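1. predicted coordinates and the sequence they were generated for:
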Amino acid sequence: MTKNISKYLFMAVAVVLVLNFSNNAMAIFGKDKTEAEKQEEIQQEKADITKMVNETLGRLYKLQPESKSAIAKSEGYAVFNNFGMKIFVAGSGSGKGILFDKKSNKEIFMKMFEAQAGLGIGVKKFSVIFVFEKHKDVNDFANSGWEFGGQASAAAKMGEEGGAMQGAMSVSPGVWMYQLTGDGLALELTGKGTKYYKDDDLN
């Protein structure tokens, strides 16, 4: 048991050291980049996120065909991909996505951050798709962001079987959310303690 704990502690320290080294290296070597190179990197990141969003939507439409009609009738929608890592009792995950404001025909790049709690070591990956029935909620999401507290799973409820929002969870009046995991469409909200906000670097 002691050997296992020592092994996990070593792994945790190694991860921290690698991340710290990567950040320092980026800070040192990033100083010589020209403005044109920085803009090229931004455009490439936008292209990568857009590709991810299209792949996620394609997967959602295949798993839940009704979602395509729901999104088409909405005032806006947002798509995010997250990759999280958890070591012992705490962890975090981050991700990126795009908010589509259909009324103004805008694409707003956004970030997500998830703080986790729980014992164990592991990784998890999931995708989230928000659907907004009202434009006010699209604006609020873009300008004020969104945050799920620990009570979110209790508040979320599934759409009616066979209804337009089947497979989605109602997270507030007029705001629905689909959550995809490696196994398919999630039937309960697992993205607790998650914050969504505008990416100032990409907009």
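-> Done, it's in. Residues are numbered from 1 along each chain as shown.

2. what residue ranges in this protein are flagged as low confidence?
-> Along the chain, the model assigns pLDDT under 70 to residues 1-32, 83-93, 115-124, 149-164, 187-192.

3. where do the helices sit along it?
-> Here the chain has its helices, by DSSP state H, at 2-29, 35-63, 66-72, 135-144, 152-155.

4. elements contacting the second one?
-> Yep, that's helix 35-63 we're talking about. helix 66-72, strand 76-87, strand 90-101, strand 122-132, strand 175-181, strand 184-185 (3 or more CB pairs under 8 Å, 6 or more residues apart in numbering; DSSP states H and E). Bear in mind the C-beta positions are built from the backbone N, C-alpha and C, glycine included.

5. rebuild these as JSON lines, extending it with mean neighbour count and distance to Ala142.
-> Shown next, in JSON lines, are those (neighbours: other CB atoms under 10 Å; distance: least, CB to CB, whole Å):
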{"stretch": "helix 66-72", "mean neighbour count": "17", "distance to Ala142": "17"}
{"stretch": "strand 76-87", "mean neighbour count": "20", "distance to Ala142": "9"}
{"stretch": "strand 90-101", "mean neighbour count": "19", "distance to Ala142": "6"}
{"stretch": "strand 122-132", "mean neighbour count": "19", "distance to Ala142": "10"}
{"stretch": "strand 175-181", "mean neighbour count": "21", "distance to Ala142": "13"}
{"stretch": "strand 184-185", "mean neighbour count": "14", "distance to Ala142": "26"}
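
6. so which of the ones you listed comes closest to Glu114?
-> strand 90-101 (4.2 Å; CB to CB).

7. returning to that earlier point: could the helices and strands packed on helix 35-63 be laid out in CSV, adding distance to Ser144?
-> Shown next, in CSV, are the helices and strands packed on helix 35-63 (distance: least, CB to CB, whole Å):
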stretch, distance to Ser144
helix 66-72, 22
strand 76-87, 13
strand 90-101, 12
strand 122-132, 13
strand 175-181, 13
strand 184-185, 28
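
8. so which of the ones you listed comes closest to Gly193?
-> Nearest of the helices and strands packed on helix 35-63 (CB to CB): strand 90-101, 9.4 Å.

9. looking at the helices and strands packed on helix 35-63, which is nearest to Lys195?
-> strand 90-101 (10.2 Å).

10. run through the bridge partners of Phe130.
-> Ala78, Met177 (DSSP bridges).

11. shouldn't it be in contact with Glu75?
-> No. With contact defined as CB atoms under 8 Å, Phe130 does not reach Glu75; the gap is 11.3 Å.
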